[in-house]
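**Student:** Return atomic coordinates for the entry below.
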Amino acid sequence: MTPIKMMLSYNNNEKVVEVPVIPNELPEILQELANEEIVTHTKTITLLGNKKPRSFSLELFLPTRDYDFCKGNGAEVVELLNYVSEKKIPARLVITEGMTELLNIAISIKSFRHHYDTVGNIRASIDCVEYMFVTETTAPKTDSGRTFGETMVTYNNTSASIKSANVDGYNLVKARDVLNLLDISVDWNAEKKRVIADGKLLDIHTEIYDGCAYCYVRDIAKQAGKNIEWDNENKTVILGD
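**Tutor:** Now for the predicted structure:
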């Protein structure tokens with residue numbers, strides 16, 4: 001059976017934490033609709049409305065020590081949840097099974113409860129509501145919710161302006177151009193719809209726009225073994241060995 005992974009992150013993968021223990025039941029997504037009913041003398045008429053933000057709850061076991069079946073990074077999950085709550089920013093939950101993406105959703109934390117058990121591990125309950133990003137209507141778009149632009153990326157004193165796609169507030173970059181900047185050979189696996197770098201399949205989130213593969217630059221850097229920094233003053237991604 002292919003292992004399932006559950007990742008929490010914020011700020012376009014600025015911080016990514018893997019949930020150490022996958023719950024027995026994956027989150028049950030509640031999708032409500034803003035329907036309205038009008039009652040007349042003879043009948044009740046239903047006016048179909050838009051979808052409301054999805055919601056779900058998570059019950060997590062977060063170990064604080066290493067076990068044979070997982071690494072004890074439960075405290076990191078709590079730190080991430082506390083951070084996004086204090087900064088009033090959305091988090092992102094991604095659940096994958098192998099290369100299949102089961103869920104990828106931006107979330108706001110509605111409520112968060114946790115306590116330590118008798119051996120020092122953490123038990124947490126989280127209520128989440130889908131976070132809906134507000135996009136600029138004047139920005140050039142090629143598809144709903146996607147805004148295209150350029151992201152400056154620097155590696156070993158060489159800079160390149162690389163095409164990027166902002167999807168629901170998160171930036172993805174053209175994978176081929178970043179890998180070319182890193183002097184890494186690039187190929188494409190059409191069957192699995194994944195980028196191949198130096199002969200190795202990049203098992204990372206990938207979107208296809210206009211026939212080109214876009215990925216998170218932080219994911220590419222991690223796969224390539226590169227350090228990554230953000231130069232806020234110059235609005236530049238800096239990659240290093």
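
**Student:** What residue, apart from its backbone neighbours, is nearest Lys174 spatially?
**Tutor:** Spatial nearest neighbour of Lys174, excluding adjacent residues (CB to CB, 6 or more residues apart in numbering): Lys163 at 4.6 Å. Just so you know, the C-beta spots here come from the backbone N, C-alpha and C atoms, and that holds for glycine as well.

**Student:** Tell me how far the one you found lies from Glu36.
**Tutor:** Lys163 sits 43 Å away from Glu36, taking CB to CB, to the nearest Å as the criterion.

**Student:** So for the two, which residue has more residues nearby?
**Tutor:** Lys163 (17 against 10; other CB atoms under 10 Å).

**Student:** isn't there a strand covering the residue nearest to Lys174?
**Tutor:** Yes. Membership of Lys163 in a strand is supported by DSSP: H, G, I helix; E, B strand; the rest coil.

**Student:** need the contact list for it.
**Tutor:** 148-151, 173-174, 177, 212 (CB atoms under 8 Å, 6 or more residues apart in numbering).

**Student:** how about a cut-off of 10 Å?
**Tutor:** Contacts for Lys163 were tallied using CB atoms under 10 Å, 6 or more residues apart in numbering; they are 148-151, 172-174, 176-177, 209-210, 212, 214.

**Student:** Including pLDDT, secondary structure and distance to Asp203, could those residues go into JSON lines?
**Tutor:** Conversion of these to JSON lines gives the following (pLDDT from 0 to 100; DSSP: H, G, I helix; E, B strand; the rest coil; distance: CB to CB, whole Å):
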{"residue": "Phe148", "pLDDT": "86", "secondary structure": "strand", "distance to Asp203": "25"}
{"residue": "Gly149", "pLDDT": "87", "secondary structure": "strand", "distance to Asp203": "27"}
{"residue": "Glu150", "pLDDT": "88", "secondary structure": "strand", "distance to Asp203": "27"}
{"residue": "Thr151", "pLDDT": "88", "secondary structure": "strand", "distance to Asp203": "23"}
{"residue": "Leu172", "pLDDT": "89", "secondary structure": "strand", "distance to Asp203": "16"}
{"residue": "Val173", "pLDDT": "91", "secondary structure": "strand", "distance to Asp203": "17"}
{"residue": "Lys174", "pLDDT": "91", "secondary structure": "strand", "distance to Asp203": "19"}
{"residue": "Arg176", "pLDDT": "91", "secondary structure": "helix", "distance to Asp203": "17"}
{"residue": "Asp177", "pLDDT": "91", "secondary structure": "helix", "distance to Asp203": "20"}
{"residue": "Tyr209", "pLDDT": "84", "secondary structure": "strand", "distance to Asp203": "20"}
{"residue": "Asp210", "pLDDT": "81", "secondary structure": "coil", "distance to Asp203": "23"}
{"residue": "Cys212", "pLDDT": "86", "secondary structure": "strand", "distance to Asp203": "19"}
{"residue": "Tyr214", "pLDDT": "90", "secondary structure": "strand", "distance to Asp203": "16"}
